[in-house]
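**Q** Dropping the sequence and predicted coords here.
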Amino acid sequence: MVKKYKKTDGFSYALGATLTMELLNTRPECVRCVYISPKSNITAVTDRAAELRLPVIESEKAFNILSPKENCFVIAEFDKFDSHVRAERNHIVLVNPSDSGNLGTIARTVAAFDCADLVVIRQAADIFDPKTVRASMGAIFGINFEYFDTFDAYIRKFGSHRIVPFMLGGSPFKEIAFDKNKKYSLVFGNEAKGLPQDFSSYGAVKIEQSPKVDSLNLSIATSVALYKLYTS
């Protein structure tokens, strides 16, 4: 039965043909079914679902419930899945990110540069929220990510990483020379509050910018950091 998404549910939805195809190609074992609007003429999705022997359900009701105002004609319902970051990879660490759009965009950037895994410290936006999934353009299906209840819990598991917190009072990020023999955790704070002051003990850095704005959007800041890490 189709119902609006809740964080406590064991399943979620990918809204749109592009996201559904990404899901079908990357994590087909998680797909429960595919909903098709009666208005849809998209055959690639139904053909792929048929190859995988997945149920395809034509239903206007599903779209009225899940995506009534959007130009959406395909929805995939999928089981949530476990994911874990790896010690041999660099990490992007988000401490209490609150915006689903930012989290999804960052997940997409992590996939684009493919030089780090994604860590999220609670309380935080839900990576399985359909809004996050859509903002990621399906990237969450192909990256490694992991939630931790506290930053201390993360450090206990990955204490060998060099911690690089991004804070307004830090030294210039451009001066960092990444050592390919080491692994880094690039740490970013909440959109409104940033990181608590005690993170400065790790040796904070800042992305230099003009004085025309007070700070960069979280997703933009992580993109700048990932690009430098990727090209180093």
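**A** All right, it came through fine.
**Q** looking at this structure, which helix or strand is least sure?
**A** Lowest on mean pLDDT, DSSP states H and E among the helices and strands of the chain sits helix 60-66, with a mean of 91.
**Q** And it, what's buried?
**A** Under the neighbour-count criterion of 16 or more other Cβ atoms under 10 Å, helix 60-66 has 62-63, 65-66 buried. Heads up, the C-betas are built off the backbone N, CA and C, glycines and all.
**Q** and these as a markdown table, adding distance to residue 78?
**A** Converted to a markdown table, the buried residues of helix 60-66 look like this (distance: Cβ to Cβ, whole Å):
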| residue | distance to residue 78 |
| --- | --- |
| 62 | 14 |
| 63 | 17 |
| 65 | 16 |
| 66 | 13 |
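**Q** what's near enough to touch the residue of the chain positioned farthest from its centre?
**A** Going by Cα atoms, centre = their mean, the residue of the chain most distant from its centre is residue 38, 31.0 Å out. The neighbours of residue 38, taking Cβ atoms under 8 Å, 6 or more residues apart in numbering as the test, are 58, 60.
**Q** Just checking the distance from the longest strand seen in the chain to the centre of its chain.
**A** When the chain is parsed with DSSP state E, its longest strand is strand 162-172. Centroid separation for strand 162-172 versus its chain: 22 Å, with Cα atoms, centre = their mean, to the nearest Å.
**Q** Could you list every helix and strand in contact with that strand?
**A** strand 184-188, strand 205-206 (3 or more Cβ pairs under 8 Å, 6 or more residues apart in numbering; DSSP states H and E).
**Q** Any chance of JSON lines for those strands, columns distance to residue 82?
**A** Output for those, formatted as JSON lines (distance: least, Cβ to Cβ, whole Å):
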{"stretch": "strand 184-188", "distance to residue 82": "21"}
{"stretch": "strand 205-206", "distance to residue 82": "32"}
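**Q** before we move on, the earlier item: quick one: which two of the buried residues of helix 60-66 are the most distant?
**A** 63 and 65 (7.3 Å; Cβ to Cβ).
**Q** Find the residues that touch each one of the two.
**A** Contacts common to residue 63 and residue 65, judged by Cβ under 8 Å, 6+ apart, are absent.
**Q** just to revisit the earlier point, got the contact list for the least confident helix or strand of the chain?
**A** Residues contacting helix 60-66 (Cβ under 8 Å, 6+ apart): 2-5, 13, 15, 35, 37-38, 72-73, 75, 130.
**Q** Repeat that for stretch 198-214.
**A** Under Cβ under 8 Å, 6+ apart, the answer for stretch 198-214 is 163-174, 176, 187, 189, 195, 215-216, 221, 224-225.
**Q** So for the nearest residue to residue 163 once chain neighbours are set aside, what's the pLDDT?
**A** Distances taken as Cβ to Cβ, 6 or more residues apart in numbering place residue 202 nearest to residue 163, at 4.2 Å, with adjacent residues excluded. Note for residue 202: predicted pLDDT of 94.
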